[in-house]
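Trainee: Coordinates for the following, if possible.
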Amino acid sequence: MNASYLNTQTPASGLEIPFVREMAEITQHMWRNGWDERNGGNVSYILDEQEVAKYLDIKQVIRTIKPAFPVHELAGKYFIVTGSGKYFKNVISDPAANLGVLRVTNNGEQLELLWGLANNAVPTSELASHFMSHIERLKVDPNHRVVIHNHASNTIAMTFIHDLDENKFTKTLWEMCTECIVVFPDGIGIISWMVPGSNEIGRATAAKMKDHHAVIWPHHGIFGTGSTIDEAFGLIETVDKAAQIYMLIAGHEIKQRITDQELVDLAKAFKVTPREGILNV
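Mentor: Below is the predicted model of the structure:
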């Protein structure tokens, strides 16, 4: 199948393209987990130009889209993103209607649509938050590629009954599962409740991304990042599993727990450095 055929929005579904299939599969997993009801949640994934060029005609621009703000730091980069108002449950059956492959122009002022977002669909309303988080994560991790936002159920529930101090929240999660301090030794960032879809919430999230891979929006959801789809998804999966255990034991008498020294021993064994100020050792 040639690139020009794949670049037409119909009849090619897009599942022939590895990065489109990866997005379709991960959104299906999140929907089945109950994390992305209706059109809740969004994903953006930085793609390699050579990989995109294998499947799409990168010289053929379907249309241009103006971002919420210039993104000079991401100029020339390629992304696959979920669309605004799109239901994750539908992505696997019609990727071209629910996903889009975009390129940021060299001046950072426009987005060029190369595939998908059929019927004049637009990228996720949280794209500003995604771009801001990508910018900050790339500054500290050149291998960073993925931002996932979803409504992880147990994590949301935990924000109603647990102190929202970042260190206290992180320590509780670390104590719930042995793997937690290994998966997110940099802890969890937490912002104040804010109206979603704004540049303000994007800036607050990005500020936390300077020091954390994951940021919680209280009573709303979580942002998780990583160098791959699997890494970002696995981070959220681990946080939400720990939150689920917390919710199961909340209100019960705790007879034993993972101690601070045991958490230090875990970190040493797996060669990770826990965020300072959380453990009392």
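
Trainee: Enumerate the positions of the helix or strand harbouring residue 170 that are buried.
Mentor: Using DSSP states H and E, residue 170 sits in helix 166-176. Neighbour-count burial for helix 166-176, counted by 16 or more other C-beta atoms under 10 Å, picks out 166, 167, 169, 170, 171, 172, 173, 174, 175, 176. C-betas here are computed from N, CA, C, even on glycine.

Trainee: Between those residues, which sits nearest residue 192?
Mentor: residue 166 (11.7 Å; C-beta to C-beta).

Trainee: Run through the residues that contact the closest one.
Mentor: Counting by C-beta atoms under 8 Å, 6 or more residues apart in numbering, residue 166 makes contact with 187, 188, 189, 190.

Trainee: Tell me how far it lies from residue 136.
Mentor: 16 Å (C-beta to C-beta, to the nearest Å).

Trainee: Kindly export the helix holding residue 170 (C-alpha atoms) in CSV.
Mentor: C-alpha atoms of helix 166-176 as CSV (Å, rounded to 0.1, in the frame of the first residue of the first chain):
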residue,chain,number,x,y,z
GLU,A,166,2.4,15.9,47.3
ASN,A,167,4.8,14.3,49.7
LYS,A,168,2.1,12.7,51.9
PHE,A,169,0.2,11.5,48.8
THR,A,170,3.3,10.0,47.3
LYS,A,171,4.4,8.3,50.4
THR,A,172,1.0,6.7,50.8
LEU,A,173,1.1,5.3,47.3
TRP,A,174,4.7,4.0,47.8
GLU,A,175,3.5,2.2,50.9
MET,A,176,0.6,0.4,49.0
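
Trainee: 156 is where my numbering starts, stick with that
Mentor: Sounds good: first residue 156 from here, last item helix 321-331.

Trainee: avg pLDDT for it?
Mentor: The average pLDDT within helix 321-331 is 98.

Trainee: ok, then the element right after it?
Mentor: helix 335-338.

Trainee: tell me which residues in the helix or strand just after that following helix are buried?
Mentor: For helix 335-338, the following helix or strand on the C-terminal side (DSSP H and E) is strand 343-345. Within strand 343-345, the residues scored as buried using 16+ other C-beta under 10 Å are 343, 344, 345.

Trainee: Bridge partners for the last one, pull those for me.
Mentor: For residue 345, the beta-bridge partners are residue 371 (DSSP bridges).

Trainee: Tell me the one of the buried residues of helix 321-331 nearest residue 174?
Mentor: Nearest member of the buried residues of helix 321-331 to residue 174, counting by C-beta to C-beta, is residue 328, at 30.8 Å.
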